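[1] need a structure here:
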Amino acid sequence: MKNICRRKFLQGVSVATVAAGIPTIIPSSAIGADGATPPSERIIMGCIGVGGQGTGNMRAFLGRKDVQVISVCDVDSNHRNRAAGLVNKRYNNKDCAQFNDFRELLADNSVDAVTVCTPDHWHALASIAAAKAGKDIYCEKPLTNTVAEGKAVYDAVTRYQRVLQTGSHERSRPNARLACELVRNGRIGKLHTIEISLPCDQGHHMRVRNDKTIHAPMPIPRELDYNMWLGHCPDAPYTQKRCHFSWRFVLDHGGGEMTDRGAHVIDLGQLGNGTDNTTPISYQATGKLPEGGSNLWDTFFDYKFDCMYANGVRMIGNSNNPRGVKFVGDDGWIFIHVHGGNLRASDTNILREKIGSDEIQLGRSPGHHADFINCVKSRGTPMASVEIGYHSAVICHLLNISIQLNGRKLKWDPQKGKVIGDEQANRMLTRPMRQPWSI
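    This next block holds a predicted model:
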């Protein structure tokens with residue numbers, strides 16, 4: 001928080017009103033009376049990417065008295081205008097700043113923190129730039145679109161001592177944290193298998209899977225800066241389905257269901273296994289391309305995968321319903337539903353067990369967004385830190401790489417961040433960036 005900037009802001013208001021011949025009246029809320037948070041204690045925030053999920057996150061922060069959103073950025077002016085309207089309505093003013101280029105938003109020294117809720121291919125460059133600019137970051141999951149980008153974000157956040165919360169909000173649910181505590185404290189015996197279920201049969205999946213369209217180039221809408229939307233990705237003709245939500249099924253921009261809901265479910269597997277600081281050491285996966293034959297979609301569905309951790313725990317996955325993670329031990333199992341956090345167990349009495357004061361306790365979140373704000377203030381470590389987001393994303397990306405290599409088994413060195421003895425796979429940890437963009 002930048003108290004001097006807040007004081008200068010209030011001083012500026014005072015000088016302006018006097019110069020205009022208007023009595024200097026500062027509302028009680030501006031100085032913290034009547035239970036309001038004084039400006040010197042508010043987190044000043046800008047929002048980068050304000051489409052569907054971006055607007056949802058922005059609304060969460062708008063609802064807080066200790067946060068003030070002052071700017072929005074999006075390459076689609078329709079998104080920008082809508083988001084700015086929500087901000088102005090919240091504060092009953094008309095001065096929410098709008099930007100097409102996130103670098104201009106980051107140049108505002110009064111901004112303490114930003115959301116990064118762009119398509120996945122923009123997460124890394126925006127987050128790295130934010131860290132260098134001294135901003136704390138709430139970045140949507142998956143943390144990045146490649147393994148190398150994730151390491152670059154981790155390095156930048158660490159170097160510039162910023163707080164980063166990955167948007168893996170499922171781990172902030174109290175039921176999920178309880179289930180992982182039960183697993184880690186032996187209530188199902190020795191954990192030996194983590195089963196990941198990633199069904200690919202929802203409406204948005206089926207529209208892609210059954211799409212037979214050959215998507216021809218289309219005129220770029222006036223409201224969209226398509227060149228900026230592409231960013232560092234390879235140049236490609238504009239077609240409507242490439243952008244806005246469906247981008248997640250094009251590998252240049254996202255990783256399909258594996259990095260979409262997979263980033264939630266696998267992340268919970270990490271928490272229950274006590275491996276937030278590392279990843280499995282071997283990966284083997286298969287999946288299916290969309291059946292329709294469209295020329296646009298190249299991510300995978302109908303997964304089967306098998307990973308092994310150094311601690312001997314096996315993580316296996318499929319596309320069965322319901323979506324979630326099952327922890328299987330020698331004496332029973334616990335299943336966490338994603339989304340929602342409902343729990344099932346081999347014996348319902350397991351879920352009634354109490355965690356002792358001398359046992360592993362994972363704490364409880366005040367809410368994923370609230371946890372981020374609290375850590376911005378305290379400089380603490382959030383529930384889904386940059387390290388956690390990086391490792392969960394690595395798993396998703398390596399599984400996608402194994403699928404692309406026709407189910408090749410990959411041996412991974414978590415310390416070196418390299419595939420052992422497979423240079424082709426190592427080359428796939430990163431992707432060339434279109435000029436002028438680079439990490």
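[2] how does this structure divide into domains?
    3-170, 173-358+386-427 (automatic domain parsing).
[3] nearest to Q435, of the ones you listed?
    Using C-beta to C-beta as the measure, domain 173-358+386-427 is the one of those that comes nearest Q435, at 8.4 Å. The way it works is simple: take the backbone N, C-alpha and C, and place the C-beta from them, glycine included.
[4] re the thing from before, least confident of the domains of the chain, on average?
    Mean pLDDT across the domains of the chain is lowest at domain 3-170; the value there is a mean of 85.
[5] for W333, helix, strand, or coil?
    The local conformation at W333, judged by DSSP: H, G, I helix; E, B strand; the rest coil, is strand.
[6] again, but for the one 3 residues further on
    Classification of I336 using three-state DSSP returns strand.
[7] Let me know whether it touches A179 as I believe.
    Yes - using C-beta atoms under 8 Å, I336 is in contact with A179, at 5.1 Å.
[8] Which residues are in contact with each of these two?
    Jointly contacting I336 and A179 under the rule C-beta atoms under 8 Å, 6 or more residues apart in numbering are L343.
[9] returning to that earlier point: and of the domains of the chain, who's closest to H369?
    Among those, the nearest to H369 by C-beta to C-beta is domain 3-170 (4.3 Å).
[10] got the buried residues for stretch 88-104?
    For stretch 88-104, burial by neighbour count (16 or more other C-beta atoms under 10 Å) applies to 90, 96, 98-99, 102.
[11] Repeat that for stretch 388-401.
    Across stretch 388-401, burial judged by 16+ other C-beta under 10 Å covers 388-401.
[12] Repeat that for stretch 363-373.
    Buried, per 16+ other C-beta under 10 Å, within stretch 363-373: 365, 368-373.
[13] Identify the residues contacting it?
    43, 57, 60-61, 64, 66-67, 113, 136, 138, 163, 165, 167, 169, 171-174, 177, 374, 382-384.
[14] what do you get if the cut-off is 7 Å, keeping everything else the same?
    43, 60-61, 64, 66-67, 138, 165, 169, 172, 174, 177, 374, 382-383 (C-beta atoms under 7 Å, 6 or more residues apart in numbering).
[15] quick check, nearest of those residues to M308?
    Taking these together and measuring to M308 by C-beta to C-beta, the closest member is R177, at 25.3 Å.
[16] what's the closest non-adjacent residue to that closest one?
    Once flanking residues are discounted, R177 sits nearest to L362: 4.8 Å by C-beta to C-beta, 6 or more residues apart in numbering.
[17] Go ahead and confirm the one you found touches L182.
    No - using C-beta atoms under 7 Å, L362 makes no contact with L182, being 10.4 Å away.
[18] picking that back up, now, the most widely separated pair of the buried residues of stretch 388-401?
    Within the buried residues of stretch 388-401, I388 and I401 form the most distant pair, 20.7 Å apart (C-beta to C-beta).
[19] ok, back up a step: helices - which of the contacts of stretch 363-373 land there?
    Counting by DSSP state H, the contacts of stretch 363-373 place 60-61, 174, 177, 374 in helices.
[20] The residues you listed: which two are farthest apart?
    Greatest spatial distance among those (C-beta to C-beta): F61 and R177, at 22.6 Å.
[21] Count the neighbours of H244 for me.
    For H244, the count of nearby residues is 15 (other C-beta atoms under 10 Å).
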